[in-house]
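Engineer: 3D, please:
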Amino acid sequence: MSVTNYQANRILDREFGATAYSTLPTLYIGLSTTAILDDGTGATEPSVGDYARVAVTNNKTNWGNASAGVLTNDVAIEFPVATLSWGTITHAFVADASTAGNILYFQELDSSEVILIGYIPTFAISGFTVTVTNT
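Structural biologist: All right, here's what the predicted structure looks like:
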């Protein structure tokens, strides 16, 4: 996943003492039918068919321990069943709110996924990866 400019600034400010660390009690996983930009804009979430971001409590039960700059989910992340077509999902992201808020991390999916009625989009255990690299 890529880090947004917003999140990069938060990390730097906290690492270098500008603001105190505080943890997000809940992270929200979302889906987008369009590309997300480094500034956190550009996401187009499905607006029909019972789509909602998935709340994931930010703890070590749900997120494993990072190793070599990689962190994955330790529980499946399951979206609501699509009651209407959500379109073609091309990107996933992590946000700090259930609606609106800030996108913190984002990633283009390895392959796009057409979400039709009755489908339940799911990231299996270790299927949602956040990577921080030094490139």
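Engineer: I'd like to know which helix or strand in the chain has the lowest mean pLDDT.
Structural biologist: When the helices and strands of the chain are scored by mean pLDDT, DSSP states H and E, helix 5-15 comes last with a mean of 79.
Engineer: name the residues of that one that are buried.
Structural biologist: Residues of helix 5-15 classed as buried by neighbour count (16 or more other C-beta atoms under 10 Å): Gln7, Arg10. (Each C-beta comes from the backbone N, C-alpha and C, glycine too.)
Engineer: what packs against that helix?
Structural biologist: Judged by 3 or more C-beta pairs under 8 Å, 6 or more residues apart in numbering; DSSP states H and E, the packing partners of helix 5-15 are strand 103-115.
Engineer: need the CA coordinates for the strand it packs on. PDB is fine.
Structural biologist: Output of strand 103-115 as PDB, limited to C-alpha atoms (Å, rounded to 0.1, in the frame of the first residue of the first chain):
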ATOM      1  CA  ILE A 103      -7.500   8.000   3.600                       C
ATOM      2  CA  LEU A 104      -4.200   6.800   5.300                       C
ATOM      3  CA  TYR A 105      -3.000   4.100   3.000                       C
ATOM      4  CA  PHE A 106      -4.100   2.900  -0.400                       C
ATOM      5  CA  GLN A 107      -3.300   0.200  -3.000                       C
ATOM      6  CA  GLU A 108      -4.300  -0.800  -6.500                       C
ATOM      7  CA  LEU A 109      -5.600  -4.400  -6.400                       C
ATOM      8  CA  ASP A 110      -3.600  -7.100  -8.100                       C
ATOM      9  CA  SER A 111      -6.600  -7.700 -10.300                       C
ATOM     10  CA  SER A 112      -9.900  -5.700 -10.500                       C
ATOM     11  CA  GLU A 113     -13.000  -7.300  -9.100                       C
ATOM     12  CA  VAL A 114     -16.600  -6.900 -10.500                       C
ATOM     13  CA  ILE A 115     -18.900  -6.900  -7.500                       C
END
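Engineer: neighbouring strands - and their directions - for the helix or strand following it?
Structural biologist: Using DSSP states H and E, the helix or strand that follows strand 103-115 in sequence is strand 122-123. If you go by DSSP bridges, strand 122-123 pairs up with strand 77-78 (antiparallel).
Engineer: from the contact counts, what lies against the helix or strand just after the strand it pairs with?
Structural biologist: Counting by DSSP H and E, the next helix or strand C-terminal to strand 77-78 is strand 87-95. The elements that strand 87-95 packs onto, with contact taken as 3+ C-beta pairs under 8 Å, 6+ apart, are strand 26-32, strand 103-115.
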